[in-house]
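> output the structure for:
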Amino acid sequence: MNESFCSPFKIEKIIGRRLHAVFFIENKDCKIVGLKNFAKQKITIHNHTITQSHNLNNKKPIGVFDSGIGGLTVANAITKHLPNEEIIYFGDTAHLPYGEKSADAIRYYCITIGKFLLEKGCKMIVIACNSASSAAYDVLVDFFRGQALFVNVVDPLVEAVAAENYAKVGVIATKATINTGIYRRKLLEKQSTLEVASLATPLLVPMIEEGYFQNNISRV
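The predicted structure follows:
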């Protein structure tokens, strides 16, 4: 992985100095590298429906995790919609990319990360990874039942696509995500006449992690 792309300066450009802490796994022995007190601001939940229905404590942080740094874009979106909420981000760069791993391996990594984020006091955990969402969301909800609210990135996207009433959509994702057929299944549940074309793109995650996006390489 391109270490310079994961520097505090680069992270600040993506997230806007609103993270409480950022954790990356340095190696496969799971030594945790933390950028403590990275954020100067906190973010506060103003969606009272969520806080009341799930009895969430506003003083506790929201955990966000991905297999690398791509999930920082999700964390950034959360800070815009919940501008006073505290965020803890975890990037499992030691096991990157998840898209080439087995479903059982992904579930194991996700349970380990879930335990870590719960130890940090997170009231909600956002799975900011399609591979993890498709392979491990149901497992995490069952394993940590009642301990925190879990949110995946698949369902919101399916809802957004279904609302547009398209005739045909294309799905590009990691091999792990495509192999589950989760997007095709959920999209057809919403709109049975929809034509869904899916394609596994194993180079997508490495390109993002190395910073090769919005340039000639990504456009090819």
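> C-alpha only now, for contacts and for neighbours.
Fine.
> let me see the mean pLDDT of the longest helix along the chain.
Ranked by residue count and defined by DSSP state H, the top helix of the chain is helix 103-119. Taken as a whole, helix 103-119 has a mean pLDDT of 95.
> got the contact list for the next helix or strand along the chain from that helix?
Using DSSP states H and E, the helix or strand that follows helix 103-119 in sequence is strand 124-127. For strand 124-127, the external contacting residues (Cα atoms under 8 Å, 6 or more residues apart in numbering) are 61-66, 114, 117, 133, 137, 148-153.
> for stretch 163-180, same thing?
Applying Cα under 8 Å, 6+ apart, the contact partners of stretch 163-180 are 98-103, 130-131, 134-135, 183, 191, 193-202, 204-205.
> in strands, which of the residues you listed fall?
Using DSSP state E, the members of these that fall in strands are E195, V196, A197, S198, L199, A200.
> against V169, how distant is the fourth one?
According to Cα to Cα, to the nearest Å, S198 stands 9 Å off from V169.
> mind listing the helices for this structure?
Remark: helices assigned in the chain by DSSP H are 8-15, 48-53, 72-81, 103-119, 130-143, 154-164, 175-180, 182-190, 204-209, 216-219.
> mind putting those helices in CSV, distance to I88 and mean neighbour count included?
Output for the helices of the chain, formatted as CSV (distance: least, Cα to Cα, whole Å; neighbours: other Cα atoms under 10 Å):
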stretch, distance to I88, mean neighbour count
helix 8-15, 12, 15
helix 48-53, 18, 11
helix 72-81, 9, 18
helix 103-119, 8, 17
helix 130-143, 18, 20
helix 154-164, 21, 14
helix 175-180, 25, 20
helix 182-190, 27, 17
helix 204-209, 19, 17
helix 216-219, 29, 10
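> just put those helices in JSON lines and tack on distance to I87.
As requested, the helices of the chain are arranged in JSON lines below (distance: least, Cα to Cα, whole Å):
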{"stretch": "helix 8-15", "distance to I87": "10"}
{"stretch": "helix 48-53", "distance to I87": "16"}
{"stretch": "helix 72-81", "distance to I87": "7"}
{"stretch": "helix 103-119", "distance to I87": "11"}
{"stretch": "helix 130-143", "distance to I87": "19"}
{"stretch": "helix 154-164", "distance to I87": "20"}
{"stretch": "helix 175-180", "distance to I87": "26"}
{"stretch": "helix 182-190", "distance to I87": "27"}
{"stretch": "helix 204-209", "distance to I87": "21"}
{"stretch": "helix 216-219", "distance to I87": "29"}
